[in-house]
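Trainee: missing the sequence, but the structure's below:
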């Protein structure tokens, strides 16, 4: 019998009079990436620390793979990879030694250890630093090792707290690439972030939290459909520059299109109605115009609008 | 309950996480490696070596005059130099390796690395304790080696009194209890410096002052003070040895008159009981604090 990979029951955390998290009920099943969104101080890290037993709930309980974190942290965390904030690794260790320690304590068989370590170091692009002391690394490099440490045992649940924090733009892109790769394996990724583009880029579902309360949890498509008055947006890239007359005469009039913004000469943000069906028809119609469509991506602006409206509603 | 539909994943962990006892030894091994590579280990090694060098120089220079009594027999030699110096080595080692053992996990955020692993907090605490104990043993071993080298020069390589072995064993028990208290102090704070300072103050002055006050003001045996038990490391060189569970009581005599408070010397068994008692109480208290402390 299977159970939710990640579950919280009435999870509440108070620090003195301050309520950091209030009655959070989440049930996440399956293999996917869930973005845990919210502004600074919303309760994201508090939730993730409760999930990893770094802090204790005032009320409620949470479960990983059906095992209570509060009652049996060892079994609950056995098949989970956790990265909370930016942990420091003992400075005299090399990445290989740090990962050996993690693998050893997690019970990765000795015969598999070296291979697993090499693989995850390659995934986080730290292979060439494998034998250098961690104490000399930058924050970004340490974060990559931390990500590798969360993955070295090939967990089915991965909990990441703003994993791209402290990384340069290239590092952030690489973290997204790592998360996308992780999605190919059979695992749940629960990732907090306040970077909307990151969530849109890698996540299948999104949970929004503010002031310790869960505002919604659903798929990106459903969230967009639910909170945007039936409107959604896509960013469309073209092989050639698109003139304003083409936009006004040929694109604005397509079925379902409600607005078109020119992001740059080769990129348009098209707002449309009709949900997924509407999107399908729009893309078919665009292809039929032979304008040289080369890319289509869900617009982060839709999520941004929802995010801002939901957060400000709570103010 | 917020949910979203999707297929479920198998729940059973695919790895057999080692048992807690096994994890303690693994953690101790990695932590010990961290200690052995650290600057603090080299610094303390240097301090103990300097102490040894000073002892060697002074005894060597004055052994025919002022220090003649020291080299008159092995009991006087080891009783004075080992029995008199080992307390400082134990306290310094405990401060260096235990002062920030727990507080440092919070302040340096290394605890965030460990706490994401499937290990119990007790396992982390014990692993760090054992590592600190072993690193401290290295310091005791160096100090002992220096004194034994000196002793061999004066008395020959075969003349080592059994009392030295007994005192070394007592030093190990004392080290265990001092580290227990150090870990407790370290668990009280999330800032390493506070752990260091409190440990240093308590073991260099605090307990001695407390012991003096108890004897001086109340005139009772200070069995509740850990530094009192440490005197057994030296008193075991006395003849006859008080192996018992009760203290020897003496008086400070001037011109045949007893003056001042009584002088208590713990029996060896009594000293061991005090040390083990301290170890158990402080370990339980420190562990309890660490279990409750949040990585907030």
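Mentor: Looks like it came in fine. Please read all numbers here as calculations on a predicted model, not as lab measurements.
Trainee: How about residue B:234, nearest residue that isn't a chain neighbour?
Mentor: Distances taken as C-beta to C-beta, 6 or more residues apart in numbering or on different chains put residue B:83 closest to residue B:234, at 3.2 Å, once the chain neighbours are dropped. Any C-beta I mention is one placed from the backbone N, CA and C, and that applies to glycine too.
Trainee: The one you found - how many residues pack around it?
Mentor: If you count neighbours by other C-beta atoms under 10 Å in any protein chain shown, residue B:83 ends up with 24.
Trainee: Mind listing what's buried along the helix or strand where it lies?
Mentor: Using DSSP states H and E, residue B:83 falls within helix B:74-98. Under the neighbour-count criterion of 16 or more other C-beta atoms under 10 Å in any protein chain shown, helix B:74-98 has B:74-75, B:77-83, B:85-87, B:89-98 buried.
Trainee: Residues touching the host helix or strand of residue A:47, excluding its own?
Mentor: Using DSSP H and E, the element containing residue A:47 is helix A:44-51. With contact meaning C-beta atoms under 8 Å, 6 or more residues apart in numbering or on different chains, helix A:44-51 is reached by A:6, A:8, A:11, A:13, A:20-21, A:24, A:36-38, A:55-57, A:62, A:64, A:69, A:82, A:84-85, A:159, A:161-162, A:190, A:192, A:194, A:209, A:212, B:294-296.
Trainee: Any chance of a ChimeraX selection covering the buried ones in those residues?
Mentor: Entered in ChimeraX, the line below selects the buried ones among the contacts of helix A:44-51, by 16+ other C-beta under 10 Å:
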select /A:6,8,11,13,20,21,24,36,37,38,55,57,62,64,69,82,84,85,159,161,162,190,192,194,209,212 /B:295
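Trainee: one step back: got a list of what the residue nearest to residue B:234 touches?
Mentor: B:167, B:233, B:234, B:235, B:236, B:237.
Trainee: And it, what's its pLDDT?
Mentor: pLDDT, residue B:83: 88.
Trainee: if I look at it, how far off is chain A?
Mentor: Applying C-beta to the nearest C-beta, to the nearest Å, the value for residue B:83 to chain A is 35 Å.
Trainee: excluding its backbone neighbours, what's nearest the residue nearest to the spatial centre of chain B?
Mentor: With distances taken as C-alpha atoms, centre = their mean, the residue of chain B nearest its centroid is residue B:175 (2.5 Å). Of all residues not flanking residue B:175 in the chain, residue B:90 sits nearest, at 4.9 Å (C-beta to C-beta, 6+ apart).
Trainee: does the residue in the stretch 201-315 of chain A that chain B sits nearest to belong to a helix or a strand, and which?
Mentor: The stretch 201-315 of chain A approaches chain B most closely through residue A:217 (3.8 Å), counting by C-beta to the nearest C-beta. Secondary structure assignment for residue A:217, by DSSP H and E: strand A:213-219.
Trainee: now that strand: how far from the chain's centre is it?
Mentor: Centroid separation for strand A:213-219 versus its chain: 14 Å, with C-alpha atoms, centre = their mean, to the nearest Å.
Trainee: what's it packed up against?
Mentor: Strand A:213-219 makes packing contacts with strand A:18-28, strand A:205-210, helix A:220-227, strand B:2-3 when contacts are defined by 3 or more C-beta pairs under 8 Å, 6 or more residues apart in numbering or on different chains; DSSP states H and E.
Trainee: ok, 10 Å please
Mentor: Applying 3 or more C-beta pairs under 10 Å, 6 or more residues apart in numbering or on different chains; DSSP states H and E, we find strand A:213-219 packed against strand A:18-28, strand A:33-37, strand A:205-210, helix A:220-227, helix A:300-313, strand B:2-3.
Trainee: Now do that strand and strand A:18-28, the angle between them.
Mentor: Here strand A:213-219 points in a direction 20 degrees away from that of strand A:18-28 (axes from the mean of the first three to the mean of the last three C-alpha atoms, to 10 degrees).
Trainee: rewinding a little: turn the helices and strands packed on strand A:213-219 into JSON lines, including distance to residue A:76 and mean pLDDT.
Mentor: Formatted as JSON lines, the helices and strands packed on strand A:213-219 follow (distance: least, C-beta to C-beta, whole Å; pLDDT from 0 to 100):
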{"stretch": "strand A:18-28", "distance to residue A:76": "15", "mean pLDDT": "94"}
{"stretch": "strand A:33-37", "distance to residue A:76": "18", "mean pLDDT": "93"}
{"stretch": "strand A:205-210", "distance to residue A:76": "20", "mean pLDDT": "92"}
{"stretch": "helix A:220-227", "distance to residue A:76": "28", "mean pLDDT": "77"}
{"stretch": "helix A:300-313", "distance to residue A:76": "31", "mean pLDDT": "74"}
{"stretch": "strand B:2-3", "distance to residue A:76": "20", "mean pLDDT": "60"}
